[in-house]
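Visitor: A structural model of the following input is requested.
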Amino acid sequence: MVLSKEPPEAVDAKKTAKKDAARDPIPANKAKKTELKEMRGGYAAQARAVSAREQVPKQGAVAAVKSPDPIGALQKAFRDMDLPEKLAPTNVESVDYDPKTGDLSITLKSGFSKRFDEENTITFEKNVSGNLTRGAFSGISGIRRGSASIVSISRKGPGVVAIRGKLGPFSKTLEFRDEQLPNLP
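Guide: Coordinates of the predicted model:
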């Protein structure tokens, strides 16, 4: 085993650094203040930096479709999946739809309620999401009928749509003909 000696230049540099530190030490409080100034903005600046990184899509991730015409995109998605276009609200702010997985997220300009018939008023929250597949919009969150959650909208048969709501362990299905469906705001 061979041990080598430190080069003379490195030894001289260490000695010089020790002498400089002994001559002009930095007080502990001053060092902390310097560190805080270097952070420039603390948590808020760090949060902005993280947010900017989150906006960059990860490699290999499938990007959801964001359309410049969210109403048209939503109506087309419903039409392509054999659901009535009338079920697509028209006060849509944005739509995120991934045709590969069927994940659909709708952001409305504001929530609203719409009377479907004399007994049933459906309430749409500002954010509605679920899974859009051929003939069904299921796993819905953000749509309610009274205190019941609407969990799925599906094609029951030609010209007939079934809306299934769930309240605790109980569920109820309402059926509407396509022409009975109201136009949504």
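Visitor: so where is the chain shaky, pLDDT-wise?
Guide: Applying pLDDT under 70 to the chain flags the ranges 1-6, 10-11, 20-67.
Visitor: in it, which spans are helices?
Guide: Using DSSP state H, the helices found in the chain span residues 8-23, 28-39, 42-54, 70-80.
Visitor: For Gly130, give its distance to Asp82.
Guide: To Asp82, Gly130 is 16 Å away according to C-beta to C-beta, to the nearest Å. To be clear about C-beta, it is placed using only N, CA and C from the backbone, and glycine gets the same treatment.
Visitor: can I see the domain layout of the chain?
Guide: As assigned by automatic domain parsing, the chain contains the domains 11-54, 65-180.
Visitor: most packed of those?
Guide: Of all those, domain 65-180 has the most neighbours on average by mean count of other C-beta atoms under 10 Å, namely a mean of 16.
Visitor: surely Glu85 meets Ala73?
Guide: No: using C-beta atoms under 8 Å, Glu85 is not in contact with Ala73; the gap is 11.7 Å.
Visitor: What's the separation between Pro89 and Lys15?
Guide: 76 Å.
Visitor: got it, and Ser147?
Guide: Taking C-beta to C-beta as the measure, Ser147 falls 79 Å from Lys15.
Visitor: Give the other helices and strands that the longest strand seen in the chain contacts.
Guide: Once the chain is assigned using DSSP state E, the strand that runs over the most residues is strand 121-133. Strand 121-133 sits against strand 103-108, strand 112-115, strand 136-145, with contacts defined as 3 or more C-beta pairs under 8 Å, 6 or more residues apart in numbering; DSSP states H and E.
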